[in-house]
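Asker: Below is the structure, and that's it, no one-letter string:
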């Protein structure tokens, strides 16, 4: 029995190690690979762009991003009130800040840590808190997908021309057919599959659906939706503000701005807060719209680094200040 428990714990530890190390290793490899492609002259050009950026504007962009985090913390209250909980916005904000730091290490671990913090300092049951977090994330995912559709609509011609220029039409058709086939197989797998994986995916999709429907039944759904739109408006505004820090990126079109923002958001959402992947994705999408690789790389690193520094600052301060702020309770 002890041996089985030991092996189980060992497997869990190894799984956690892989969750942390694989994304970080991939991000590190991506950084090395991209910079290895640049000539010394291009590397100097990247450094020049980074030096010449207006960091007052970058600071303003970061403040807008932090403001969106505060509104996210406040928005959470609309979902907790029907459950009989009215947490302090300050505690909620610090829980959100800690969650972003945790996501730097392990993707999606922030949701768990956020629920744990609120359980400790606001006595919100973990399962209820975690459930509302999953629900609001489902809403955010829907909004991100809507932004994606908007971006594809605005820049359809440019993306289509780029793809047809770089990839033969026949290959695009084959790839599209292959993706459709995969989609049909995936649907069949979910419908008829009885394996543990298919059941987990079904549960995830059910949770996402339930999360979106929760918004329609809550008392303050109008306020929740309004704050959700405000959060994403601040995200876009923050990204737009950052583009003004470099003369060469200040004139990009709204369509290019939105699709670049969307691509960057996906890397933040599904990796270790975009480590290695965010600058690469930003550079890759800007190249399609005529922005030089050196400029796109510099811009991606400026935006990512400034936001990560803010996340680390507020996250560490939250770790320190949380017990002080709540010392009367403890």
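Answerer: Yes, it's here. Here the structure is a predicted model, which means the values were calculated and not measured.

Asker: Only C-alpha atoms from now on, for both contacts and neighbour counts.
Answerer: Noted.

Asker: got the contact list for the spatially most central residue of the chain?
Answerer: Centroid-nearest residue in the chain: residue 269, 2.5 Å away (criterion: C-alpha atoms, centre = their mean). Counting by C-alpha atoms under 8 Å, 6 or more residues apart in numbering, residue 269 makes contact with residue 107.

Asker: ok, then the element right after the one helix or strand it maps to?
Answerer: Using DSSP states H and E, residue 269 maps to helix 254-270. Tracing the chain past helix 254-270, the next element assigned as helix or strand by DSSP H and E is helix 277-288.

Asker: and the angle from the following helix or strand past that next one to helix 254-270?
Answerer: Toward the C-terminus, helix 277-288 is succeeded by helix 293-325 as the next helix or strand (DSSP H and E). Going by axes from the mean of the first three to the mean of the last three C-alpha atoms, to 10 degrees, helix 293-325 is angled at 50 degrees with respect to helix 254-270.

Asker: Check which helices and strands helix 293-325 sits against.
Answerer: helix 40-52, helix 55-80, helix 89-105, helix 221-243, helix 277-288 (3 or more C-alpha pairs under 8 Å, 6 or more residues apart in numbering; DSSP states H and E).

Asker: Return the set of buried residues in that helix.
Answerer: 293-304, 306-308, 310-312, 314-315, 318, 322 (16 or more other C-alpha atoms under 10 Å).

Asker: Over to stretch 35-48?
Answerer: 43, 45, 46.

Asker: would TSV of the residues you listed with pLDDT and distance to residue 283 be doable?
Answerer: Listed next are the buried residues of stretch 35-48 as TSV, based on pLDDT from 0 to 100; distance: C-alpha to C-alpha, whole Å:
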residue	pLDDT	distance to residue 283
43	91	14
45	93	14
46	92	12
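
Asker: what's around the closest residue to residue 240 other than its chain neighbours, how many residues?
Answerer: Distance criterion C-alpha to C-alpha, 6 or more residues apart in numbering; nearest residue to residue 240, sequence neighbours excluded, is residue 257 at 7.0 Å. Residue 257 has 18 neighbours, counted by other C-alpha atoms under 10 Å.

Asker: Could you measure from residue 257 over to residue 264?
Answerer: 11 Å (C-alpha to C-alpha, to the nearest Å).

Asker: who touches stretch 289-296?
Answerer: For stretch 289-296, using C-alpha under 8 Å, 6+ apart, the contacting residues are 42-43, 45-46, 49, 158, 248, 256, 279, 282-284, 286-287.

Asker: ok so, going back, and for residue 257 and residue 264, which residues touch both?
Answerer: Listed as contacting both residue 257 and residue 264 by C-alpha under 8 Å, 6+ apart is no residue at all.

Asker: Count the residues that sit near residue 259.
Answerer: Count around residue 259 with other C-alpha under 10 Å applied: 23.

Asker: Might one say that it is in contact with residue 153?
Answerer: No - assessed by C-alpha atoms under 8 Å, residue 259 is found out of contact with residue 153, at 9.8 Å.

Asker: Tell me the spacing between residue 327 and residue 283.
Answerer: Residue 327 is 46 Å from residue 283, where distance means C-alpha to C-alpha.

Asker: and these two? which has more neighbours close in?
Answerer: Each of residue 327 and residue 283 has its neighbours counted (other C-alpha under 10 Å); residue 283 has more, 24 against 10.

Asker: pLDDT weak spots in the stretch 101-250 of the chain?
Answerer: Along the stretch 101-250 of the chain, the parts satisfying pLDDT under 70 run over 155-173, 175-176, 190, 195-217.

Asker: Contacts only, for residue 53.
Answerer: 245, 246.

Asker: Mind doing that once more with 10 Å?
Answerer: The contact partners of residue 53, by C-alpha atoms under 10 Å, 6 or more residues apart in numbering, come to 242, 243, 244, 245, 246, 247, 298, 299, 302.
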